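> Predicted model follows, preceded by the sequence.
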Amino acid sequence: MIDFSVWVDADSCPIPVKDIIFRFCKRLSLKLIFVANHQIPMPKSELFKMIVRDATPDAADNYIVENALQNDIVITRDIPMASRLLDKNITTINDRGLLFTSENIKEKLSLRNFNKELYDNGILSEKTSTFSKKDVNNFANCFDREIQKKLKTN
């Protein structure tokens, strides 16, 4: 029996990544929980659940951190949230296929904070890099690898 869930910080999750998550979870009969501050379209399935939180800052993030269990997988691009999840030993992946670990989270958090400070002071414009097919493939490979690890330990 599968005893883990997949959580998605769904507000900023790209559509190609959502599609991969839906396919994997449906095929493997995994419980999937999307959390956002607004309704996100999703296929009908008794395994899929949408939780809408209020629009206050970090409401969706806090809900996931408070409710995800140690054996679960969380998909988020939010680095501070990933750090909080790692503190609870929860597998955390970003939407480009990076597995956050105790070895890389401090560097990612430091770089994020540095760039945020530059942006807040008008030195750096907010940049959004293009989401490529390579990113989608990297995500699919990482997600599959982490699911397979969970399935082997159950």
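Okay, I see it.

> Tell me where the chain has helices.
For the chain, the helices defined by DSSP state H cover 15-28, 59-67, 79-87, 105-120, 133-153.

> quick one, which of these is nearest to residue 46?
For residue 46, the closest of those is helix 15-28, at 10.8 Å, according to CB to CB. Just so you know, the C-beta spots here come from the backbone N, C-alpha and C atoms, and that holds for glycine as well.

> Show me which residues of the closest one are buried.
16-18, 20-22, 24-25 (16 or more other CB atoms under 10 Å).

> ok so, going back, would you format the helices of the chain as TSV with mean pLDDT and distance to residue 48 included?
Shown next, in TSV, are these (pLDDT from 0 to 100; distance: least, CB to CB, whole Å):
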stretch	mean pLDDT	distance to residue 48
helix 15-28	96	7
helix 59-67	96	16
helix 79-87	94	21
helix 105-120	70	29
helix 133-153	95	16
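
> Residues contacting stretch 97-115, please?
Stretch 97-115 has contacts (CB atoms under 8 Å, 6 or more residues apart in numbering) with 79-80, 82-83, 85-86, 91-94, 124, 135, 137-143, 146.

> pull the CA atoms of that stretch into PDB?
What follows is stretch 97-115, C-alpha atoms only, in PDB (Å, rounded to 0.1, in the frame of the first residue of the first chain):
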ATOM      1  CA  GLY A  97      13.800  19.200 -11.100                       C
ATOM      2  CA  LEU A  98      16.100  20.300  -8.300                       C
ATOM      3  CA  LEU A  99      15.900  18.100  -5.300                       C
ATOM      4  CA  PHE A 100      16.400  20.300  -2.300                       C
ATOM      5  CA  THR A 101      18.800  18.700   0.300                       C
ATOM      6  CA  SER A 102      20.400  19.700   3.500                       C
ATOM      7  CA  GLU A 103      23.600  20.100   1.400                       C
ATOM      8  CA  ASN A 104      22.200  22.600  -1.000                       C
ATOM      9  CA  ILE A 105      19.500  24.500   0.800                       C
ATOM     10  CA  LYS A 106      21.700  27.000   2.700                       C
ATOM     11  CA  GLU A 107      23.400  28.100  -0.600                       C
ATOM     12  CA  LYS A 108      20.000  28.300  -2.400                       C
ATOM     13  CA  LEU A 109      18.500  30.300   0.500                       C
ATOM     14  CA  SER A 110      21.500  32.600   0.700                       C
ATOM     15  CA  LEU A 111      21.400  33.300  -3.000                       C
ATOM     16  CA  ARG A 112      17.700  33.900  -2.900                       C
ATOM     17  CA  ASN A 113      18.000  36.400   0.000                       C
ATOM     18  CA  PHE A 114      20.900  38.200  -1.700                       C
ATOM     19  CA  ASN A 115      18.900  38.600  -5.000                       C
END
